[in-house]
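Q: sequence first, predicted model second:
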Amino acid sequence: MPNGSPPAQYTAVAKTLHWLIAALIVTQFVLGWTAGDLPIGLHKLALLAKHKSFGMTVLMLAVIRVLWRVRHPPPALPDGMMPIERLLAKATHWAFYGLIFVMPVSGWMMSSAKNYSVSWFGLFTWPNLISQSDDAFVFLQSTHEILSWTLFGIAVLHIVAALKHHFWNKDTVLLRMLPFTKPENRT
Amino acid sequence: MIRHTAWSIVILSAAALAGAALTPVACAADAGSYVSDPDSSHLDFVGVQAGAEFKGTFHKFSSTVEFAPDALGTAHIDVQIDLGSLDTKDHDRDQTMRGPDIFDVVHFPTAHYVTHAITKSATGYTATGALTLHGVTKEVPIAFQFTPAAPSAKLEGTASLKRLDFGVGQGDWKNTEWIGDAVKVSFSLALKPKP
């Protein structure tokens, strides 16, 4: 982005991080909600172990993503969006940025409160964030769950908005985040 | 969630009996006879669950020890462990471990360790001995250090074993991808003279 003007589309790195984290979040919902319904046993333990490893991966990617974002501003929102739409778009994006940190950290704290240290794919173990506490575990578990539904709701809004921009407004908002596209060609 | 084992030690004195005809008084005086003080003795273990280590302890165990550095031939360690007293700082995990597929404490409430022979090592002592756990008896060596502080003493050491050697983990819990087979055991016995 020469001269500080916003780029026409996202960088390849930003797109990769977006879709990678999106895929991991979908996986996390499947693993988390499946494991939550299982009785205590090896199957539950194995699913949650994967959930934790993927979750810590999201956290690491979130750090990279924010650092990248700071140095690489995203393309501007299209002209013609109403102020309320701009506000909603920005709020949604900031909520995502917050949740990709808060979701993994609350899960990490949950594991710590349960005295189950979090391994990253068996390669290394993360330190416990807090000491064992039944009360903290119960609180963190409900926090993690409520935030997961919040994330789900925001994701629905995000997807609906992207599709609305593409099919209703016929702008480049969706195209510029898709891999291998040339959004300049649309208008 | 997890499992495995633990136990530990004590020394008995075969010495007093074996040597009775020759030097009974000297033998009995030389070999210290101890029991562990439950309030300040520890028996801990470390297992691996989903790639991460977790620690556990057995709150209830008793041990008798016959030990004198210059009378190793008669040294002996004997430990009885109440498996139901395990504590890994998580109620769900503790209950699972006490259950039928892991320790099965209803059928195997205690574990027992008894040494066969104790020898001097570079850093302390090593003992050969048998651990009976979950109805299975296997040889498990231990390494320990003995620190006298008359009339008491401290005996600290470690051992490692494989839980599946003892059938600790049945059904799904035989899995070693998520529940490590190897278990590290450590113990610290605060010994006081046998009453």
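A: Right, received. Where do you want to start?
Q: I figured B:S152 hits B:A190, correct?
A: Yes - applying C-beta atoms under 8 Å as the test, B:S152 and B:A190 come out as touching, 7.1 Å apart. No exception for glycine: its C-beta is placed from N, CA and C like everyone else's.
Q: strands of chain B, start to end?
A: Taking DSSP state E as the criterion, chain B contains strands spanning B:32-36, B:42-49, B:52-58, B:61-67, B:76-82, B:86-87, B:110-120, B:125-133, B:136-139, B:142-149, B:152-162, B:182-193.
Q: want to throw these into a markdown table with distance to A:L67 and mean neighbour count?
A: A markdown table is the format used below for those (distance: least, C-beta to C-beta, whole Å; neighbours: other C-beta atoms under 10 Å in any protein chain shown):
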| stretch | distance to A:L67 | mean neighbour count |
| --- | --- | --- |
| strand B:32-36 | 55 | 23 |
| strand B:42-49 | 33 | 22 |
| strand B:52-58 | 28 | 19 |
| strand B:61-67 | 52 | 24 |
| strand B:76-82 | 51 | 23 |
| strand B:86-87 | 42 | 20 |
| strand B:110-120 | 52 | 18 |
| strand B:125-133 | 51 | 20 |
| strand B:136-139 | 53 | 12 |
| strand B:142-149 | 48 | 17 |
| strand B:152-162 | 43 | 19 |
| strand B:182-193 | 39 | 21 |
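Q: next up, the contacts around residue 61.
A: Assuming you mean chain A. A:L61 is in contact with A:17, A:20-21, A:24, A:100, counting by C-beta atoms under 8 Å, 6 or more residues apart in numbering or on different chains.
Q: that's the wrong chain, I meant chain B
A: Taking C-beta under 8 Å, 6+ apart, we find B:F61 in contact with B:7-8, B:36, B:38, B:41, B:43, B:79-82, B:85.
Q: let me know the closest of these to A:G32.
A: Nearest to A:G32, judged by C-beta to C-beta, of those is B:S85 at 33.8 Å.
Q: give me phi/psi at the closest residue to the closest one other than its chain neighbours?
A: Spatial nearest neighbour of B:S85, excluding adjacent residues (C-beta to C-beta, 6 or more residues apart in numbering or on different chains): B:K60 at 3.7 Å. When read as degrees, to the nearest 10, the backbone of B:K60 gives phi -120, psi 120.
Q: does B:K60 touch B:L83 like I think?
A: No - with contact defined as C-beta under 8 Å, B:K60 does not reach B:L83; the gap is 9.1 Å.
Q: more neighbours: which of these two?
A: In this view B:K60 and B:L83 are compared by other C-beta atoms under 10 Å in any protein chain shown, and B:L83 has more residues nearby, 24 against 14.
Q: list the residues that contact the more buried one.
A: Counting by C-beta under 8 Å, 6+ apart, B:L83 makes contact with B:58, B:98, B:103, B:105, B:108-111.
Q: contacts only, for B:S40.
A: So B:S40 contacts B:A190 (C-beta under 8 Å, 6+ apart).
Q: for chain A, see how far away it is.
A: 23 Å (C-beta to the nearest C-beta, to the nearest Å).
Q: next one: B:T123 from B:G180, what distance?
A: Distance from B:T123 to B:G180, counting by C-beta to C-beta, to the nearest Å: 26 Å.
Q: of these two, which one has the most company?
A: Taking neighbours as other C-beta under 10 Å, B:T123 and B:G180 compare with B:G180 leading, 23 against 9.
Q: quick one: end-to-end length of stretch A:109-120, please.
A: Using C-alpha to C-alpha, to the nearest Å, one end of stretch A:109-120 lies 15 Å from the other.
Q: can you list the residues that contact it?
A: Contacts to stretch A:109-120, defined as C-beta under 8 Å, 6+ apart, come from residues A:49, A:52-53, A:56-57, A:108, A:125-134, A:136-137, A:140-141, A:144, B:49-54, B:88-90, B:93.
Q: out of the residues you listed, which are buried?
A: If you count burial by 16 or more other C-beta atoms under 10 Å in any protein chain shown, the buried members of these come out as A:49, A:52-53, A:56-57, A:108, A:126, A:128, A:133, A:136-137, A:140-141, A:144, B:49-52, B:54, B:88-90, B:93.
Q: among these, which are located in helices?
A: Mapping these onto helices (DSSP state H) picks out A:49, A:52-53, A:56-57, A:108, A:136-137, A:140-141, A:144, B:93.
Q: pull up the distance across stretch B:98-111, start to finish.
A: Stretch B:98-111 end-to-end distance (C-alpha to C-alpha) = 13 Å.
Q: what's the answer for stretch B:68-85, then?
A: Using C-alpha to C-alpha, the span of stretch B:68-85 from its first residue to its last is 30 Å.
Q: cool, stretch B:121-136 as well?
A: Span of stretch B:121-136 from end to end, C-alpha to C-alpha: 28 Å.
Q: for it, the averaged confidence score.
A: Average pLDDT, stretch B:121-136: 96.
Q: how about stretch B:52-67?
A: Stretch B:52-67 carries an average pLDDT of 96.
Q: over to stretch B:86-96?
A: Averaged over stretch B:86-96, pLDDT sits at 96.
Q: again with stretch A:47-67
A: 97.
Q: same thing with stretch A:121-136?
A: 96.
Q: straight-line length of that stretch, end to end?
A: Terminal residues of stretch A:121-136 lie 25 Å apart, using C-alpha to C-alpha.
Q: do it and chain B meet at all?
A: Yes - with C-beta under 8 Å from any C-beta of the partner chain as the criterion, chain B is reached by stretch A:121-136 at A:121-123, A:125, A:132, A:134.
Q: between those, which is closest to chain B?
A: Distances from chain B to those, taken as C-beta to the nearest C-beta, are shortest for A:G122 (3.4 Å).
Q: can you tell me the closest non-neighbouring residue to that closest one?
A: Excluding its sequence neighbours, the residue lying closest to A:G122 (C-beta to C-beta, 6+ apart) is B:G51, at 3.4 Å.
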